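Colleague: pasting a predicted model and its sequence here:
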Amino acid sequence: QKEVEQNSGPLSVPEGAIASLNCTYSDRVSQSFFWYRQYSGKSPELIMSIYSNGDKEDGRFTAQLNKASQYVSLLIRDSQPSDSATYLCAVNVYSSNSNSGYALNFGKGTSLLVTP
Amino acid sequence: KAGVTQTPRYLIKTRGQQVTLSCSPISGHRSVSWYQQTPGQGLQFLFEYFSETQRNKGNFPGRFSGRQFSNSRSEMNVSTLELGDSALYLCASSLVMSDFGYTFGSGTRLTVV
């Protein structure tokens, strides 16, 4: 089983602080990494994707990837109460059942609570 | 543009029955993937369809099946329902096969009693 591991939280940060969400994965051949946000009672929505080692910034969000350490993270700067949600890390993993060779595995998510 | 449409939103079924769920992807999207979400297991991949063919399959029993039509709409079927099948079933739409930047539908909440 190709694991994607996240701390379930809840991670509580004050408004305006930096929230740091972490994810590790077990499949060394993984190439694509995604962060999805899921509000309570809603479906996941894609917020970031990253494919190369290093940082990728999009507004208040920064995704960081370290393939050697099999580690991907998401930083949320100037956290707002509206950022309170579950953040799902997703990684493409090799799949022998796939025509393309890959499937997308999700971690169980980290619950983030931003307090005013 | 219209998003991913899943119907019905809620279902209550009895053990042993079967159920069919429907998903209409975003216009122009040809790949449809299905996931099961439960509090204990999180999001688990069921299968992916592209051009009316199943291209990828997760580790679920044969009671779970699906299909895709020429207009890219997809259905999934669960036969002989078990209590453990109670979950949120999510459909994800993408332009091409194995394009993992999904757009998810609102899901179908299935409760098996």
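Modeller: Nice, I can see it. Numbering: from 1, shown residues only, chains lettered A, B, ... in the order given.
Colleague: and the worst-scoring helix or strand of chain B on mean pLDDT, how far out from the chain middle?
Modeller: For chain B, counting by mean pLDDT, DSSP states H and E, strand B:53-57 ranks last in confidence among helices and strands (a mean of 90). Offset of strand B:53-57 from its chain centre (CA atoms, centre = their mean, to the nearest Å): 12 Å.
Colleague: stretch A:60-77 now?
Modeller: That offset, for stretch A:60-77, works out to 8 Å (CA atoms, centre = their mean).
Colleague: circling back to that earlier point, could you say what helices and strands the least confident helix or strand of chain B packs with?
Modeller: Helices and strands touching strand B:53-57, by 3 or more CB pairs under 8 Å, 6 or more residues apart in numbering or on different chains; DSSP states H and E, are strand B:42-50, strand B:64-68. Quick note: C-beta positions are derived from backbone N, CA and C, even for glycine.
Colleague: the last one vs chain A: in contact?
Modeller: No: counting by CB under 8 Å from any CB of the partner chain, chain A is not contacted by strand B:64-68; separation bottoms out at 13.2 Å.
Colleague: what do you get for the longest one?
Modeller: Yes: counting by CB under 8 Å from any CB, chain A has neighbours in strand B:42-50: B:42-45, B:48.
Colleague: quick check: mean pLDDT of the helix or strand residue B:90 falls within?
Modeller: Element membership of residue B:90 [criterion: DSSP states H and E] is strand B:87-94. Taken as a whole, strand B:87-94 has an average pLDDT of 96.
Colleague: that one versus strand B:42-50: what angle between them?
Modeller: Here strand B:87-94 runs at an angle of 40 degrees relative to strand B:42-50 (axes from the mean of the first three to the mean of the last three CA atoms, to 10 degrees).
Colleague: check which helices and strands strand B:87-94 sits against.
Modeller: Strand B:87-94 packs on strand B:5-7, strand B:19-24, strand B:31-38, strand B:103-104, strand B:108-112, going by 3+ CB pairs under 8 Å, 6+ apart.
Colleague: strands along chain A, start to end?
Modeller: Using DSSP state E, the strands of chain A run over residues A:4-6, A:11-14, A:19-25, A:33-38, A:45-50, A:54-58, A:61-66, A:71-76, A:85-94, A:102-106, A:110-115.
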